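Asks: Sharing a model prediction with you, sequence too.
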Amino acid sequence: KQGRYWVMRFGKTETEVSDRFRLVLVSPSTTPSFAPSVCSSCNIICFHAEREGVEEKLLEIVISHEAPMIERQRVNALQTHKALSHKLDDMRRAMLRRLESAGTGEGEIIEDSQLIQTLEAERISCLELEERIQTVNSDLAAATSRRETFRPVAMRGTLVYEVSQRLKATHPLYSFSLDSIAQAFERGLEKPLESGDPIHVPRFLASAKGRSPFQRLRVTATLVKASLKGAAIAVGVGLVAPVNMASPQRVEQLISSVTRRICSEVCNSLLTQHAKAFTLSVALKSLALAGQLDDDEIGLLSAPPPPPLSQPMPEQVASVMSEEQWSACLRMQETHGLAQLCADIEAGADRWKSWVFLDRPEQADPPGYQTLDPFQRLLLLKHLRPDRVVHCIDHFIETHLGPPPPST
């Protein structure tokens, strides 16, 4: 500032600017480094979306769609708790000030009956406030507990968002903002309910506002069909249906719906091979999040070729597979359920040869392995019949994520 004016210096040139002038610098780096002098004179804002922040944002969307009363109760409890806490702090500070002023005056505190009565009345008021705060805390805990019922839906949306952000490494054009994923997430929540589930009429009608006449007609037709079939309908604010909107079945419905919707909208912007890799990553990450797979098992799908064998391959297996495939089978024995794979192949080489050379081995069970889960089957085909792995991937994705939603 020079006198009454603000001046900005660009190199050796000084330019007069308005006092409302603001300079915004944007860095593409997610971990920029600034000197202390810059940090002290600038406001640094990080727009990088953290996992916790994305999850909370999506959780708010779910709650506002499925159970808005829970969110209102939680917000009211937070506001009441804040107001009561401030009032309690003010009363305690007022009591301390009275004691300090009484201690500096003439006479003893115990002789001031009016002060003692005032402090006793304020002490009783503080106890009442503490009881009210405890009641509010219990209400807040109950609302938060009911709110957490829908957290798995937000966690699944966050997982799909994180996988979509890794697509930038595949191609710079594969960029998806948090807002676009959140909008797709919200559209996934608007999926029509299954037969017998409650329909919230005001919210269902509100979803048709601003749409084309044909879409509004479809909404009306859905309500008419639901009433004719005897489906439970929720009217007004409360739900008059026997089905619990926060039931585990409803939560699983929402998880499946939002996953399919987000994956569908993301895949519409990807090439076919990249779309398949994206949905496969979502399916694998969802299994890992549920504790059904670990990183070592997932790594077997993308592991580099195994090193040369230290011991010769059994003769009876030579007609079934190559040495590289045999080495991969040795590595697959670390997976749960395939610990005896190599021994079984040696014992039944002819049966395994018949299975390996089938036209569609993904549709038949490997000899002696009728209880393989889809991931184990995918792992076997990836190493023994890589030409059929694409068809097995389709089956694996449909098993864990469901069929893709119909195009609209």
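Replies: Received the coordinates, thanks.
Asks: What is the burial count for Gln325?
Replies: Gln325 has 18 neighbours, counted by other CB atoms under 10 Å. (Glycine included, C-beta is placed from N, CA and C.)
Asks: same check, this time on Asp350
Replies: For Asp350, using other CB under 10 Å, the count is 10.
Asks: Quick check: Leu271 vs Leu173, distance?
Replies: Distance of Leu271 to Leu173, given as CB to CB, to the nearest Å: 10 Å.
Asks: If you could redo that for Arg123, that was the one I meant.
Replies: Distance from Arg123 to Leu173, by CB to CB: 67 Å.
Asks: of these two, who's got more company?
Replies: Arg123 (13 against 9).
Asks: host element of the closest residue to the more buried one other than its chain neighbours?
Replies: Using CB to CB, 6 or more residues apart in numbering and skipping the chain neighbours, the partner closest in space to Arg123 is Met95 (7.6 Å). Assigned by DSSP states H and E, Met95 falls within helix 68-104.
Asks: and that helix, what other elements does it pack with?
Replies: helix 51-66, helix 113-148 (3 or more CB pairs under 8 Å, 6 or more residues apart in numbering; DSSP states H and E).
Asks: swap the cut-off to 6 Å and go again
Replies: Helices and strands touching helix 68-104, as assessed by 3 or more CB pairs under 6 Å, 6 or more residues apart in numbering; DSSP states H and E, comprise helix 113-148.
Asks: Now do the helix it packs on against helix 51-66: the angle between them, please.
Replies: Counting by axes from the mean of the first three to the mean of the last three CA atoms, to 10 degrees, helix 113-148 lies at 80 degrees to helix 51-66.
Asks: Let me see the mean pLDDT of helix 113-148.
Replies: Averaged across helix 113-148, pLDDT comes to 86.
Asks: That one to helix 68-104, inter-axis angle?
Replies: Using the same axes, to 10 degrees: helix 113-148 against helix 68-104 is 160 degrees.
Asks: Show me which residues of helix 113-148 are buried.
Replies: Neighbour counts over helix 113-148 (16 or more other CB atoms under 10 Å) mark 115, 119, 129, 133, 136, 139-140, 143, 146-147 as buried.
Asks: again with stretch 265-274
Replies: Neighbour counts over stretch 265-274 (16+ other CB under 10 Å) mark 265-267, 270, 274 as buried.
Asks: could you dump these to JSON lines with pLDDT, secondary structure and distance to Asp296?
Replies: Compiled in JSON lines, the buried residues of stretch 265-274 are given as follows (pLDDT from 0 to 100; DSSP: H, G, I helix; E, B strand; the rest coil; distance: CB to CB, whole Å):
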{"residue": "Glu265", "pLDDT": "91", "secondary structure": "helix", "distance to Asp296": "32"}
{"residue": "Val266", "pLDDT": "93", "secondary structure": "helix", "distance to Asp296": "27"}
{"residue": "Cys267", "pLDDT": "91", "secondary structure": "helix", "distance to Asp296": "28"}
{"residue": "Leu270", "pLDDT": "90", "secondary structure": "coil", "distance to Asp296": "28"}
{"residue": "His274", "pLDDT": "90", "secondary structure": "helix", "distance to Asp296": "25"}
